[in-house]
Every structure is written in structure tokens, then in C-alpha cells.
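Chemist: Sequence first, then the predicted structure, then my questions.
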Amino acid sequence: MNESSQTLVEKSFTFEDCGGSQSLTVSIPEVLDPQYGMYVWPCAVVLSQYVWMARSELQHKTVLELGAGVSLPGVVAAKCGARVILSDSAELPLCLRNCWRSCDVNHLPNVPVIGLTWGQVSPELLLLPPVDVILGSDVFYEPEDFEDVLVTVSFIVRRNPHAQLWTTYQERSADWSIDALLHKWDLKCINVPLETFDANKNHLAGSTLPGNHTVQMMIITRQVF
């Protein structure tokens, strides 16, 4: 699909404190195209809610979003004072273009966008600066991608032992599990209950998401023996 034939729709998301004393509104351009990197998915809003609630931890930290697509979590992190790098597959130029588009709409001209293909130790991966937090919204979508995602995460946390992957996933299958792969790549995870960051509801950030979808949040870190 070329640029001229794309239909764009901007969606706004407003994150607020419980008391409403602070708020943040971001706009995300969606492309009405069947490629699934072009929409805001339920997991993205839940992860963005976590980023918003943890914003004091992200001040001046370096944050890398994997598989960013429309980049909602990364944009929220950047607006909250983090140094953000957005990435998506080097093989998906339309997704990389949408990362740039989201930055442009939200007046973030200095956020770099890089092609980073999961499972590949590419020059872009090797040239990453020290990373504090990795964001991954629905990166555990296709089972055949699970190990590639964790290979990339493992590579980053070996170089940055204190780095964490903050990730959300949508429950789609009863036999979904990454436990064996976590063990294989010397990683561990903890589940984060949605109620601990005010995400246990069907409508977040003034949107209709996550709706009735069941989304879980977890933090993956390096397993230290």
C-alpha cells in the first residue's frame, strides 16, 4: 500500500491521576489497513496506563519500545520525560513510518525510530545505548515469534543487567506459556495485577479499550544465579 492510498484516523487517549490533578493527552494516527501494526490494540492502552502510573520512575531513563507499531506506550513514556527509542521490524517499513507519524503528531521530533528485527543481532541492536526499560505491547502474539522476542530481550539485559521488559499480552489461548523459553534464555518474570495501576477496567484513557479482552501485565528481568 502506498502513502497516498492510506486512510488515517487519529485517536486521542487521556491518562489521568485518580484525583484528576494531572493528565496527559496523546494522539495516535491509525492506518485503516489490515496490517496489525497499524492499530492501537487493547494491550497498548494497558501498558501505556502502567507507563503513566510509573512516570516518576522514567524521568531521564532510556526506554526502548519493541514492535512499536503505532507507538502509544513509547509516546506516553516520551511525554513523561523518558529518553525513548522506538523500534519495529526492519522488514516492515510501513510500521516504521507509522512510528515517525506518531512522533510527528505528538511533537516529538527528537525520538529516534530504528529497524530492529526480533532474533537478529543486527548493527542497530549492537549500537543501542544503555537501556533501562524495554516496552513490549502484545509482542507475544504469534507463538513462532516468542523465542525471537526473548532472544532480543536477553541480549539487551545481558548488556544492561538492571534493565526490565514491561510487557502486556492478551489471553487468546489456554496453553499460552513462555516459561520454558524464559528459563532457556536466563530470564524470569513477575505478573503485575492490573488493579495495582488502576487498569482493571474496560475503558482506559477515555477510550473503548481494552474492552472485554483479558489483558495481563508482566515484568521480565535477567535471571541471576
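Modeler: That came through, no problem. Numbering: from 1, shown residues only.

Chemist: how far away is the closest residue to residue 171 other than its chain neighbours from residue 168?
Modeler: Spatial nearest neighbour of residue 171, chain neighbours left out: residue 214 (4.2 Å); criterion: C-beta to C-beta, 6 or more residues apart in numbering. Every C-beta, even on glycine, is put in place using the N, C-alpha and C of the backbone. Separation of residue 214 from residue 168 (C-beta to C-beta, to the nearest Å): 11 Å.

Chemist: Settle it for me: which of these two has more neighbours?
Modeler: Shown here are residue 214 and residue 168; by other C-beta atoms under 10 Å, residue 168 has more neighbours (29 against 11).

Chemist: Verify the assumption that the more buried one is located in a strand.
Modeler: Yes. Counting by DSSP: H, G, I helix; E, B strand; the rest coil, residue 168 is part of a strand.

Chemist: Could you report the separation of it from residue 118?
Modeler: Residue 168 is 17 Å from residue 118, by C-beta to C-beta.

Chemist: one step back: what separation do you get for the residue nearest to residue 171 and residue 174?
Modeler: For residue 214 relative to residue 174 (C-beta to C-beta), the value is 11 Å.

Chemist: what's the answer for residue 139, then?
Modeler: From residue 139 to residue 174 the distance is 20 Å (C-beta to C-beta).

Chemist: more crowded one of these two?
Modeler: residue 139 (25 against 6).

Chemist: Confirm the more buried one sits in a helix?
Modeler: No. Using three-state DSSP, the secondary structure at residue 139 is coil, not a helix.
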